[in-house]
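1. I need the structure of the sequence given here:
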Amino acid sequence: MRIAVGQLWQETNTFNRNLTRWSDFEAMGVAHGADILDRFSETGELSGFLQAIREAQPDAQFVGLSRFTCWPWGSVAAETWQQIRDSFAEQLSAVGNVDAVYLTLHGAICSEDEPDLTGAILEQVQRAVGSDIPVVGSLDLHANITPRMMRSAYSLAGYHACPHIDGVQTGARAARALLWSLESGRRPTTYTRKLPMITAAESHNTFTGIPAPLYRRLEELERQPGVLTAGLYMAMPWFDCPALGWTVTLTVEEASDEWQSVVDDLAANAWELRACMEDVDRLPPEQVVDRALAVDGHPVVIGDGADATNSGAPGDSTVLLAEFLKRDSIPHGALTFLIDADAVQAAQQCGEGGRFEHPIGGKLSEFSAPVPFVGTVEKLVDVKWVLSGHICDNLPINMGAGAIVRSGDVTVLLCERSGPGSSPVLYESVGLDPRDFGIVVAKSPAGFRADYGPFAADMLLVDSPGCAAPRWSELSFENVNRPLWPLDPIETPEAAQWAC
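-> Numbers count the residues shown, from 1 in each chain. Presented below is the predicted three-dimensional model:
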């Protein structure tokens, strides 16, 4: 048995005006052929998939296609998307006949000229190997499910956890569905229901949050005979592309009207949650800092969802930084990070111990302005580390060159490139321990709770502008299907004929 594996993983924030280019994928490790298995077989979903297949079929042979991973950012440049397609075409030709294909995907990625890269790559692969060869994929639960994706894959398995700590398990679930197709020689049946709604990412916690009971229901369904995968995809809301909205899916061995009823019930329950999920406790910058300073203990972690690098924002907002710099005193100090390659270069010119006087942040988006920063370059660093926890396990991260600069009680880690804003390991990798600080900024709406929760004295959310802010009226949605709640005041899903 020969199974080909590949990856196309990036989450696109279409309101981030900066394009994702080939060099952004290279920074995270472009790989082809056997190099994928040599370097990344212990990473995330691929790890779980390979392990599950080997346990069931010890003699299975795996061959690599192409692997493209990039941290969430803006739309993929058209020429980069063409390079990705060309790479997959070349590798598909090189591997020859295979019995199946597995792709680890995100599910909300677009380019300048293609709104559905996930559907397009699945379609390309399925056409290349033939319709009788099973192609399966794994997805983030913020995937935006499209008809093209469903047509082009035998089955898709999505995360059940937010924070995303079940990548390995999701890969194993994709393997289970694939094995059924290989053993039965059949394509399963998938039932779907699209909901014309988007919701704030801060409320997407599947463990203790509002949607948690729905995800427990998915797990119950997958334990039932005849069910291969069950999914509830809450959609990346800052993805201005057609068919944006929540989706319920159920992939089963045998078609039955009963399963459509199950999907319809899940969709109805999800629809009823929409207003509650928009009711999130966020505080304006001045108030959130006041609240943090009043907490007995440290660190207090402030989640800046509007500038969440995990949601494809540029990570260079100066809103909280400006508030920190206004304060006469911050006990134990404040710690944040900014994506600013120009400021990193300026710090390098100053050298360690040198006086740093340079505007930082506010250069990659229109939502904040550069802030004058006068202080000291404490350390020049390379921001490279391995992410395990929310989003992935054993994922190499390369945020490029960096610099630690300090002004009074405010310490800033400047980075050349974007990376995980939810993990304390970002700071720890350059010798900064978040536990030592009074206030720590995580550029994440919800996932940061998984990694900071065990030691944070408190966790707060700031209400600030940004391209990942749930301030829907301030963002220009031009390509989504309408009506779409809460952009439009609709009372029932049936009011949106496009989703029915």
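2. helices of the stretch 101-250 of the chain, residue ranges please.
-> Here the stretch 101-250 of the chain has its helices, by DSSP state H, counting those that start in this stretch, at 117-129, 147-152, 167-184, 212-222.
3. and L46, which of the ones you listed is closest to it?
-> Across the helices of the stretch 101-250 of the chain, the minimum distance to L46, taken as Cβ to Cβ, is reached by helix 167-184, at 6.1 Å. Bear in mind the C-beta positions are built from the backbone N, C-alpha and C, glycine included.
4. okay, buried residues for the closest one please.
-> Buried residues in helix 167-184, counted by 16 or more other Cβ atoms under 10 Å: 167-182.
5. using CSV, lay out the helices of the stretch 101-250 of the chain together with distance to V262 and mean pLDDT.
-> Listed next are those as CSV, based on distance: least, Cβ to Cβ, whole Å; pLDDT from 0 to 100:
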stretch, distance to V262, mean pLDDT
helix 117-129, 25, 98
helix 147-152, 17, 97
helix 167-184, 17, 98
helix 212-222, 7, 98
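6. kindly state the domain boundaries assigned to this structure.
-> Following automatic domain parsing, the chain resolves into domains at 2-277, 285-469.
7. turn these into CSV, including distance to P489.
-> Output for those, formatted as CSV (distance: least, Cβ to Cβ, whole Å):
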stretch, distance to P489
domain 2-277, 11
domain 285-469, 21
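8. those: which one's closest to L487?
-> Among the domains of the chain, domain 2-277 comes nearest to L487, with 7.9 Å by Cβ to Cβ.
9. where do the strands sit along the stretch 301-450 of the chain?
-> 334-339, 355-360, 371-387, 395-407, 410-415, 439-442 (DSSP state E, counting those that start in this stretch).
10. what's the closest of the ones you listed to F40?
-> F40 lies closest to strand 395-407 among these, at 8.5 Å (Cβ to Cβ).
11. C467: what secondary structure?
-> coil (DSSP: H, G, I helix; E, B strand; the rest coil).
12. give the bridge partners for A334, please.
-> Going by DSSP bridges, A334 is paired in beta bridges with V410, I439.
13. list the contacts of it.
-> Counting by Cβ atoms under 8 Å, 6 or more residues apart in numbering, A334 makes contact with 324, 409-411, 437-441.
14. dump these into TSV; add distance to R21 and neighbour count as well.
-> Shown next, in TSV, are the contacts of A334 (distance: Cβ to Cβ, whole Å; neighbours: other Cβ atoms under 10 Å):
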residue	distance to R21	neighbour count
F324	32	24
D409	37	19
V410	32	19
T411	31	22
F437	34	23
G438	38	20
I439	34	28
V440	31	29
V441	27	27
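15. let me have those in TSV, extended by distance to G245 and pLDDT.
-> Below are these laid out as TSV (distance: Cβ to Cβ, whole Å; pLDDT from 0 to 100):
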residue	distance to G245	pLDDT
F324	38	98
D409	44	98
V410	41	98
T411	41	98
F437	39	98
G438	41	98
I439	36	98
V440	34	98
V441	31	98
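16. of the residues you listed, which pair is most distant in space?
-> Between any two of those (Cβ to Cβ), the greatest distance is 13.7 Å, for D409 and V441.
17. circling back to that earlier point, with distance to S261 as extra columns, can I get the helices of the stretch 101-250 of the chain in JSON lines?
-> Formatted as JSON lines, the helices of the stretch 101-250 of the chain follow (distance: least, Cβ to Cβ, whole Å):
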{"stretch": "helix 117-129", "distance to S261": "27"}
{"stretch": "helix 147-152", "distance to S261": "19"}
{"stretch": "helix 167-184", "distance to S261": "21"}
{"stretch": "helix 212-222", "distance to S261": "12"}
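18. which stretch among those comes nearest T336?
-> helix 167-184 (27.3 Å).
19. from the chain's centre, how far out does that closest one sit?
-> Chain-centre distance of helix 167-184: 22 Å, with Cα atoms, centre = their mean, to the nearest Å.
20. just the CA atoms of that helix, as PDB, please.
-> Extracted as PDB, the C-alpha positions of helix 167-184 are listed here (Å, rounded to 0.1, in the frame of the first residue of the first chain):
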ATOM      1  CA  GLY A 167      -3.900  17.900  16.000                       C
ATOM      2  CA  VAL A 168      -2.400  14.400  16.500                       C
ATOM      3  CA  GLN A 169      -5.800  13.000  17.300                       C
ATOM      4  CA  THR A 170      -7.300  14.700  14.200                       C
ATOM      5  CA  GLY A 171      -4.700  13.100  12.000                       C
ATOM      6  CA  ALA A 172      -5.600   9.800  13.500                       C
ATOM      7  CA  ARG A 173      -9.300  10.400  12.800                       C
ATOM      8  CA  ALA A 174      -8.500  11.200   9.100                       C
ATOM      9  CA  ALA A 175      -6.600   7.900   9.000                       C
ATOM     10  CA  ARG A 176      -9.500   6.000  10.300                       C
ATOM     11  CA  ALA A 177     -11.800   7.400   7.600                       C
ATOM     12  CA  LEU A 178      -9.200   6.600   4.900                       C
ATOM     13  CA  LEU A 179      -8.700   3.100   6.100                       C
ATOM     14  CA  TRP A 180     -12.400   2.500   5.800                       C
ATOM     15  CA  SER A 181     -12.400   3.600   2.200                       C
ATOM     16  CA  LEU A 182      -9.400   1.500   1.400                       C
ATOM     17  CA  GLU A 183     -10.800  -1.600   3.000                       C
ATOM     18  CA  SER A 184     -14.400  -1.200   1.600                       C
END
